[in-house]
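Peer 1: Structure for the following, please:
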Amino acid sequence: MSESGPWKATVLIADDEEVNRELLSEILTEEGYNIICAEDGERALRAFHDGSVDLALLDVMMPGKTGLAVCLEIKSKPETRLIPIVLVTGLTNTDDRIQGIMCGADDFLSKPVNKQELLARVHSLLRLKEFTDELERAETVLFSLALSIEAKDPYTEGHCDRLSKYSVAMAERLGLRDELRVALHRAGIVHDIGKIAVPEPVLAKPGPLTDQEWVIMKQHPVVGERICSPLKSFRHVLPVIRHHHEKLDGSGYPDGLKGEQIPLTARILQTVDIYDALITERPYRKALSSEEAFAIMYEEAKRGWWDRSLIEEWEASFLHATTDARRQP
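Peer 2: Next up, the predicted model:
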């Protein structure tokens, strides 16, 4: 195996039968894998939370938390859901396997375990995890780059994080499907990543930009789209990056789109972006109150710039969140 191959991976074996743990451990140790053993579901969960597990082999019929319960919990958390899980079971009933699939299991092994089948499945799933880890690392680099751009301006501190949260809240309120919620989470962070191509004096300029400076500034959505386009997992993010500065009347940039031509996700991020900018202090003005911000947004919606229905949704969502916060003891 290559030096970067799966032999370095850590495999969790969870089974209440010691003989089964020893058998699986012996087979995988011979192949160079690091092994963690757990006697039950609770110990298995603790091993996951330590952050060192690359793949798990879970016995389905453990006392207490079953393998199915552990699988469901691990797959429901963003930080662990990409860890491959193989359910090891003596059950042959189709319904039991369907239940495993519904819990998020990536594969199954039947008892008694065949050595070659075990190694083939473990090797295959770990190769797949290597690819997903590479994608996660690329995403992390983009996030870090976006946040480093934000950090250059003390007036925009926390802006990306707030937009990410606001956009997801709006997506949930509107009932958007999961992949669009994830896209808005990502877009909130990287939407202005193209500003890396804008000279710092232009970015930090306290007064109005010149015509030439505006030409440069208006290219940042295109540059941002180009930076993020190699990641296929960002396919729903790209339209948000490119079009969050468009206006309904066609006077926005970079493409002058009108009305429904502007993707809904871009209009959502645009709405919360404008709101956050208005309630945040800037070098040329103080932060506005929420009431003042919404008044300006509604006035600009009358001019044909923004989607009034989304402003209304955001205001209702904001007021609901504020009311709930006041009710807290």
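Peer 1: hey, where'd the helices end up in the stretch 151-300 of the chain?
Peer 2: Listed in chain order, the helices of the stretch 151-300 of the chain (DSSP state H, counting those that start in this stretch) span 159-174, 178-190, 200-203, 211-217, 220-228, 238-243, 264-278, 290-302.
Peer 1: Least confident of those helices, on average?
Peer 2: Mean pLDDT per stretch puts helix 200-203 lowest among the helices of the stretch 151-300 of the chain, at a mean of 81.
Peer 1: on that earlier part again, reformat the helices of the stretch 151-300 of the chain as a markdown table; add mean neighbour count and distance to residue 11.
Peer 2: (C-beta placed from N, C-alpha, C; glycine too.) Output for the helices of the stretch 151-300 of the chain, formatted as a markdown table (neighbours: other Cβ atoms under 10 Å; distance: least, Cβ to Cβ, whole Å):
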| stretch | mean neighbour count | distance to residue 11 |
| --- | --- | --- |
| helix 159-174 | 19 | 34 |
| helix 178-190 | 21 | 28 |
| helix 200-203 | 13 | 48 |
| helix 211-217 | 13 | 51 |
| helix 220-228 | 21 | 34 |
| helix 238-243 | 24 | 37 |
| helix 264-278 | 22 | 39 |
| helix 290-302 | 15 | 52 |
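Peer 1: now those helices in a markdown table, with distance to residue 97?
Peer 2: As requested, these are exported to a markdown table (distance: least, Cβ to Cβ, whole Å):
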| stretch | distance to residue 97 |
| --- | --- |
| helix 159-174 | 32 |
| helix 178-190 | 24 |
| helix 200-203 | 55 |
| helix 211-217 | 56 |
| helix 220-228 | 38 |
| helix 238-243 | 38 |
| helix 264-278 | 36 |
| helix 290-302 | 52 |
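Peer 1: Tell me which of those approaches residue 114 most closely.
Peer 2: Closest to residue 114 of these is helix 178-190 (Cβ to Cβ; 36.2 Å).
Peer 1: about what we covered before: and residue 104, which of the helices of the stretch 151-300 of the chain is closest to it?
Peer 2: Residue 104 sits nearest to helix 178-190 of all the helices of the stretch 151-300 of the chain, at 13.8 Å, using Cβ to Cβ.
Peer 1: Quick one: distance of the closest one to the chain centre.
Peer 2: Distance of helix 178-190 from the chain centroid (Cα atoms, centre = their mean, to the nearest Å) equals 6 Å.
Peer 1: Over to stretch 75-85?
Peer 2: With Cα atoms, centre = their mean, you get 13 Å for stretch 75-85.
Peer 1: Next one, pLDDT for residue 97 please.
Peer 2: With respect to pLDDT, residue 97 has a value of 75.
Peer 1: Is it in contact with residue 110, as I believe?
Peer 2: No. Look at residue 97 against residue 110 with Cβ atoms under 8 Å: they stay out of range, at 9.8 Å.
Peer 1: Show me which of those two is the more surrounded one.
Peer 2: More crowded of residue 97 and residue 110, by other Cβ atoms under 10 Å: residue 97, with 17 against 14.
Peer 1: Without its sequence neighbours, what residue ends up closest to residue 29?
Peer 2: Excluding its sequence neighbours, the residue lying closest to residue 29 (Cβ to Cβ, 6 or more residues apart in numbering) is residue 35, at 5.7 Å.
Peer 1: and the one helix or strand that neighbour maps to, C-alpha only, in PDB?
Peer 2: Using DSSP states H and E, residue 35 maps to strand 34-38. The C-alpha coordinates for strand 34-38 follow below in PDB (Å, rounded to 0.1, in the frame of the first residue of the first chain):
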ATOM      1  CA  ASN A  34      -5.100   1.600  13.800                       C
ATOM      2  CA  ILE A  35      -7.900   0.000  15.900                       C
ATOM      3  CA  ILE A  36     -10.200   1.300  18.600                       C
ATOM      4  CA  CYS A  37     -12.500  -1.200  20.300                       C
ATOM      5  CA  ALA A  38     -15.700  -0.400  22.200                       C
END
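Peer 1: Adjacent strands (with direction) for it?
Peer 2: Strand 34-38 pairs in its sheet with strand 10-14 (parallel), by DSSP bridges.
Peer 1: How far off centre is the partner strand?
Peer 2: Relative to its parent chain, strand 10-14 has a centroid offset of 26 Å by Cα atoms, centre = their mean.
Peer 1: So what touches that strand?
Peer 2: 21, 24-25, 28, 33-41, 43-44, 47-48, 52-59, 62, 67, 70, 122 (Cβ atoms under 8 Å, 6 or more residues apart in numbering).
Peer 1: What's the first helix or strand after it?
Peer 2: In N-to-C order, the element after strand 10-14 by DSSP H and E is helix 18-30.
Peer 1: Report the contact partners of the residue nearest to residue 20 when sequence neighbours are not counted.
Peer 2: Leaving out its chain neighbours, the residue that sits closest to residue 20 by Cβ to Cβ, 6+ apart is residue 59, at 6.8 Å. Going by Cβ under 8 Å, 6+ apart, residue 59 touches 14-17, 20, 67, 88-89.
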